[in-house]
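Engineer: Sequence and predicted structure, then a few things I'm wondering about:
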Amino acid sequence: MTEKGKNPPNSTKTSRRSFFTKLWIFLGVIAFIEFIGVVTAYLLPGRKREKAAILGTIIDAGPVEKFPNESVTAFIRGKFYLCRLKDGGFLAVSRKCTHLGCTVPWLDKEKKFVCPCHASAFDISGEVISPPAPRALDVYHLYIENNIVKVDTGKRIKRSGFRSDQVVYVKKAS
Amino acid sequence: MADQEAILKKRTFFQRVRHSIFPGQLQPVKDREGYRWFFKTLVLHFRPRTVPERTLELTLTWGLGGMAVVLVLMLMGTGVLLKFVYEPLPERAYESILYLQRDVSFGSLIRNIHHWSGNLLLIVVFLHFLRVFFTGAFHPPRQFNWIIGLGLFCTVLFSNFTGYLLPWDQLAFWAVTICCGMLEYIPGVGRWIQNLIMGGSEVGPSTLSNFYAIHTAILPGFIILLMPFHFWRVRKAGGLVIPRAPEDEVTTRGKSVNTIPDLIVRELVVALVLMAFILVFSTLFNAPLEAKANPGLSPNPTKAPWYFSGIQEMLMHFHPFFSLFIIPVLIVIALISLPYIDDESSTAGVWFVSLKGRKMAVIAALTTAVVTPIGILADEYVIDLASRMNSVPPFISNGLIPFVILLVGSFGFYVIIKRKYAATNSESIQALFVLFLVAFLIFTITGIWFRGAGMKLMWP
């Protein structure tokens, strides 16, 4: 400090100081990242709640005979429509429009779902008839157990269009 | 030292207490002067001692910045009062608003003031933004303050939007549902952001508590931090931009006047008139409240809040990827980079850059005022690209093609008007800005008043 001419000790001193400065900055950045991580994890929707929700999401829709061909039944609690197509196949179609998320009502006279928000229309299988909806209505996993239709509302399945392998049929008694 | 102690001892108890709060003034003052002096020391802590006389002209600022401050203060005051009654739970929120309006003294009035001030604030900050743009008050040294202002504008916008959900009526619920649905079209992170904001995949209890926290803590916090920053930068820039007529030379600051009383009196008048207006308006008109939210029943039509209805109208004409992502992002980038592209300081303070600039702005406004309605009507009734080009995905027929037409059209307009008038950069950029501004206003007006059931065009 006293002798300015002595460069080597001075420079080691500055480099030591700058090393510590960098260390502090480094630690600060780490702390900041941790802080952001904790806050994000805290704010993200709870994992536990979702799991609990999945467990209790299977809905008994009722016996197969209850639903005539080409009919649509609304399930308000499950937020889906149970659609039985012309050929007797079942589909559990979400009531949420794929455009912006409005609830689509089924118009029985016109045989289609029409969204009140932007006038998207879907046919009985959820396929888009008129845009702006970009894809068909989502479906839920559906299966038939002991002649009773069951729908798992825990998982929404996205689809771009109608897929015949998603339609569930009553197994013919052999 | 000894003298001072002697003076202090001569004072009464109250004089000594007063001295401890406002030190520095040793000789006794007359009452009237004393009040003025308290006021001065406090006010001059925030404001400069003198300001250029010309910046006091009403036709420079229209008092818009001051109005925004008054409205923010009124919103914070009434907002705190509302917090005492409001309960942010889906099964309680709507009931607590009913209780507020029915059983709490002046409950309706407080809610009305909060509601109308919030809406008016959005209009006032938008006009303030236009004022700053058209007087060229974003040129150096005010470049960065333009960006802080944009930040404040976004904060006000989101404050309004998050507050929109809180009454939990049909209007609120479905407007927020479709606006959150819009987020899904942001590529990559859209669904993640949507989940984070809504606290799930649908508008529900978590959405309400998120919005409540954002509306009552986070965004006010941003405003409290950004507002003083904005004002401080005004002072650092040497006060407001000095107004002048187009033919005037770039002048010096001109004559200065004292902040007290010349500026302060004007500001107080604006504040009092505004407050009186809000109070009268709020006693006459109630804030809307519809039926309680019902997630199973979308009303027809479901509309976004009025300040987003321009975007909703855009959705009717463009594929969501363009109307919700590409176009807004381009607009934001353009606004942020504006003070760095157009940094011609010599035009600052002149309304609409120059006489030529005025002419070009009028031409741009007239052009869009004709083209936009024709475009909307044509897209609604005549052209239906999506069904005409069945083989092409809607992303191209309904998105890319109209977008390219829009881009080529506005670029062509820019080139033509610039060449025809041999205009400067500032003048042509302003013409382009007016072009988009008027188009946006027409979209917003169409969305608010000309869309009926099933979002079909109709007469209001």
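Structural biologist: Received the coordinates, thanks. Numbers count the residues shown, from 1 in each chain, chains lettered A, B, ... in the order given.

Engineer: for the strand of greatest length in chain A, packing partners?
Structural biologist: Longest strand of chain A, by residue count under DSSP state E: strand A:148-157. Applying 3 or more CB pairs under 8 Å, 6 or more residues apart in numbering or on different chains; DSSP states H and E, one finds that strand A:148-157 contacts helix A:47-55, strand A:58-63, strand A:80-84, strand A:90-94, strand A:139-145. No exception for glycine: its C-beta is placed from N, CA and C like everyone else's.

Engineer: Chain B is nearest to which of those?
Structural biologist: Nearest to chain B among the helices and strands packed on strand A:148-157 is helix A:47-55; the distance by CB to the nearest CB comes to 8.4 Å.

Engineer: For that closest one, the averaged confidence score.
Structural biologist: Confidence over helix A:47-55 (mean pLDDT, whole number) is 53.

Engineer: Same check on stretch B:15-34?
Structural biologist: Taken as a whole, stretch B:15-34 has an average pLDDT of 67.

Engineer: just to revisit the earlier point, which of the helices and strands packed on strand A:148-157 has the lowest mean pLDDT?
Structural biologist: Averaged per stretch, pLDDT over the helices and strands packed on strand A:148-157 is lowest on helix A:47-55, reaching a mean of 53.

Engineer: How is the chain partitioned into domains?
Structural biologist: Answering for chain A, as no chain was given. What the record gives for chain A is the domain set A:1-44, A:54-166, from automatic domain parsing.

Engineer: right idea, wrong chain: chain B
Structural biologist: With automatic domain parsing serving as the domain definition, the record reports that chain B contains domains spanning B:2-46, B:56-302, B:318-460.

Engineer: ok, back up a step: angle of the longest strand of chain A against strand A:80-84?
Structural biologist: Going by axes from the mean of the first three to the mean of the last three CA atoms, to 10 degrees, strand A:148-157 is angled at 120 degrees with respect to strand A:80-84.

Engineer: ok, strand A:148-157: who's next to it in the sheet?
Structural biologist: Take DSSP bridges as the rule and strand A:148-157 pairs in its sheet with strand A:58-63 (antiparallel), strand A:139-145 (antiparallel).

Engineer: Turn the ones you listed into JSON lines, including mean neighbour count.
Structural biologist: What follows is those, written out as JSON lines (neighbours: other CB atoms under 10 Å in any protein chain shown):
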{"stretch": "strand A:58-63", "mean neighbour count": "15"}
{"stretch": "strand A:139-145", "mean neighbour count": "18"}
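
Engineer: Indicate which one of these is closest to residue A:27.
Structural biologist: Between residue A:27 and these, the tightest spacing by CB to CB is seen for strand A:139-145, at 48.9 Å.

Engineer: How far away from the center of its chain is that closest one?
Structural biologist: The gap between where strand A:139-145 is centred and where its chain is centred comes out at 17 Å by CA atoms, centre = their mean, to the nearest Å.

Engineer: so where is chain A shaky, pLDDT-wise?
Structural biologist: Residues of chain A that meet the criterion pLDDT under 70 lie in A:1-13, A:45-56, A:172-174.

Engineer: which parts of it sit against chain B?
Structural biologist: Taking CB under 8 Å from any CB of the partner chain as the measure of proximity, chain A contacts chain B at A:40, A:43-45, A:76, A:79, A:95-96, A:99-105, A:114-119, A:131-132, A:134, A:156.

Engineer: Next up, the contacts around the closest residue to chain A within the stretch 1-150 of chain B.
Structural biologist: Using CB to the nearest CB, the point where the stretch 1-150 of chain B gets nearest to chain A is residue B:90, with a distance of 15.3 Å. Remark: with contacts taken as CB atoms under 8 Å, 6 or more residues apart in numbering or on different chains, residue B:90 is in contact with B:168, B:204, B:205, B:208, B:293.

Engineer: Just the buried residues of these.
Structural biologist: The neighbour-count test (16 or more other CB atoms under 10 Å in any protein chain shown) applied to those identifies B:168, B:208, B:293 as buried.

Engineer: Report the contact partners of the residue sitting nearest the centre point of chain A.
Structural biologist: Among the residues of chain A, the one closest to the centroid is residue A:156, at 6.1 Å (CA atoms, centre = their mean). In this structure, residue A:156 makes contact with A:94, A:138, A:139, A:140, B:201, judged by CB under 8 Å, 6+ apart.

Engineer: How about residue B:152?
Structural biologist: Neighbouring residues of residue B:152 by CB under 8 Å, 6+ apart: B:125, B:223, B:226, B:227, B:230.

Engineer: Any stretches of the stretch 301-450 of chain B with poor pLDDT?
Structural biologist: Low-confidence regions of the stretch 301-450 of chain B, defined by pLDDT under 70, span residues B:384-392.

Engineer: So the closest residue to chain A within it: helix, strand or coil?
Structural biologist: Residue nearest to chain A within the stretch 301-450 of chain B (CB to the nearest CB): residue B:302, separated by 4.3 Å. When the structure is reduced to helix, strand and coil (DSSP: H, G, I helix; E, B strand; the rest coil), residue B:302 reads as coil.

Engineer: residues near it, how many?
Structural biologist: Other residues lying near residue B:302 total 23 when counted by other CB atoms under 10 Å in any protein chain shown.

Engineer: before we move on, back to that, and the domains of chain A, which is most packed in?
Structural biologist: When neighbours are counted by mean count of other CB atoms under 10 Å in any protein chain shown, the highest per-stretch mean among the domains of chain A falls to domain A:54-166, a mean of 17.

Engineer: Just the pLDDT for whichever residue of the stretch 51-200 of chain B sits closest to chain A.
Structural biologist: When CB to the nearest CB is the measure, the stretch 51-200 of chain B has its nearest residue to chain A at residue B:181, with 3.3 Å between them. According to the model's per-residue confidence, residue B:181 sits at a pLDDT of 85.

Engineer: likewise residue B:153?
Structural biologist: At residue B:153 the predicted local confidence, pLDDT, stands at 96.
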